[in-house]
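Novice: Next comes the sequence, and after it the predicted model I'd like to discuss.
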Amino acid sequence: MTGTSVLAGRRALITGAASGIGAAIARAYAGAGAALALADLDPAGLAVAADGLPEGTAVTRHVLDVTDAGAVQDTVAAAIEAHGGIDVLVNCAGILTEVPLVEMDPATWDRMLDVDLRSVFLCCRYTVPHMIESGGGRVVNVASQLGQKGGEGLTHYSAAKAGVIGFTKALAREVSRHGVLVNAIAPGPIETPLIDGLSPEWKAAKGAELPLGRFGRPEEVAPTAVLLAADPAGNLYTGQTLGPNSGDVML
């Protein structure tokens with residue numbers, strides 16, 4: 001699907017676009033014909049991601065702290081001004097740390113929920129009204145299979161991603177009648193810089209329990225984001241959580 005022009009004319013704002021799954025979604029969207037506003041806290045990574053897109057892609061770069069409400073509002077406004085609107089919002093910004101609950105300080109908990117959950121609220125809060133006014137749109141929230149099953153040493157991350165899944169369902173019920181379809185992707189472990197902070201023991205144990213026997217790659221997740229943004233492929237999905245997760249969660 002990513003090799004066709006199924007997103008021609010669509011304008012997408014992607015957070016966490018400098019690396020990993022976010023950068024892979026940007027490449028897939030560009031290959032499918034979308035115009036892109038790429039947002040991330042890492043300006044150098046953003047430049048690399050933008051430079052790696054197909055020639056002729058309409059792209060703008062936005063350095064963004066997704067936990068800052070004013071900055072999110074300004075970035076959404078800048079993306080709308082630059083591209084004439086936002087048809088697709090992909091919330092992919094996130095962090096991942098491994099800390100047992102009995103050793104976790106409140107600041108670590110708060111930081112995780114700020115980056116991985118509050119950011120989703122903020123980006124939706126300032127983008128969805130524009131979509132409603134424009135007659136519709138798509139929201140794709142990148143969660144995790146750990147939000148469905150939990151993970152040892154990852155109570156804060158699991159809670160944040162479970163929150164993303166619950167938020168997705170609730171928002172879908174609020175805005176689907178306005179033509180705004182809201183869905184989540186819950187990948188399993190993916191070979192990205194995000195997992196660099198996890199211990200080798202955690203990675204080995206997780207790999208051994210996966211039915212596919214391996215972690216995924218970002219380019220294996222990105223087509224799901226294309227599906228959810230495409231017409232007609234994604235037209236009947238709302239409030240759903242799709243799981244490219246190597247079989248870690250089977251629903």
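Specialist: On my side now, so go ahead.

Novice: which residues does the most centrally placed residue in the chain contact?
Specialist: Of all residues in the chain, the one closest to the mean position by Cα atoms, centre = their mean is residue 92, 2.5 Å from it. Contacts for residue 92 (Cβ atoms under 8 Å, 6 or more residues apart in numbering) come out as 14-17, 20-22, 25, 142. Placement of C-beta: from N, CA and C, glycine included.

Novice: Dump those to CSV, plus secondary structure.
Specialist: CSV is the format used below for the contacts of residue 92 (DSSP: H, G, I helix; E, B strand; the rest coil):
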residue, secondary structure
14, strand
15, strand
16, coil
17, coil
20, helix
21, helix
22, helix
25, helix
142, strand
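
Novice: Nearest to residue 53 among those?
Specialist: For those, the minimum distance to residue 53 (Cβ to Cβ) is 10.3 Å, reached by residue 17.

Novice: Isn't the closest one up against residue 40?
Specialist: Yes. Between residue 17 and residue 40 there is a contact under Cβ atoms under 8 Å: 5.2 Å.

Novice: Next, show the common contact partners of these two.
Specialist: 46, 49.

Novice: helix/strand/coil for residue 96?
Specialist: coil.

Novice: Which parts of this structure are strands?
Specialist: For the chain, the strands defined by DSSP state E cover 11-15, 35-40, 59-63, 88-91, 137-142, 180-185, 241-242.

Novice: The last one: partners in the sheet, and parallel or antiparallel?
Specialist: If I follow you right, that is strand 241-242. strand 180-185 (parallel) (DSSP bridges).

Novice: send the alpha carbons of the partner strand over as PDB?
Specialist: Extracted C-alpha coordinates of strand 180-185, given in PDB (Å, rounded to 0.1, in the frame of the first residue of the first chain):
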ATOM      1  CA  VAL A 180     -12.800  12.300  12.600                       C
ATOM      2  CA  LEU A 181     -11.700   8.600  13.000                       C
ATOM      3  CA  VAL A 182      -9.400   7.900  15.900                       C
ATOM      4  CA  ASN A 183      -7.400   4.700  16.200                       C
ATOM      5  CA  ALA A 184      -4.300   3.400  17.900                       C
ATOM      6  CA  ILE A 185      -1.400   1.200  17.000                       C
END
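
Novice: Need the residues that contact it.
Specialist: Contacts of strand 180-185 (Cβ under 8 Å, 6+ apart): 124, 128, 131-132, 136-143, 164-165, 168, 171-172, 175-176, 221, 224-225, 228, 234-235, 237-244.

Novice: correct me, but residue 239 touches residue 172?
Specialist: Yes. At 3.4 Å, residue 239 and residue 172 qualify as touching, with contact defined as Cβ under 8 Å.

Novice: who's more crowded, the two?
Specialist: Taking neighbours as other Cβ atoms under 10 Å, residue 239 and residue 172 compare with residue 172 leading, 19 against 16.

Novice: give the contact list for the more buried one.
Specialist: Per Cβ under 8 Å, 6+ apart, neighbours of residue 172: 181-183, 238-239.

Novice: which of those tops the neighbour count?
Specialist: residue 182 (28 neighbours).
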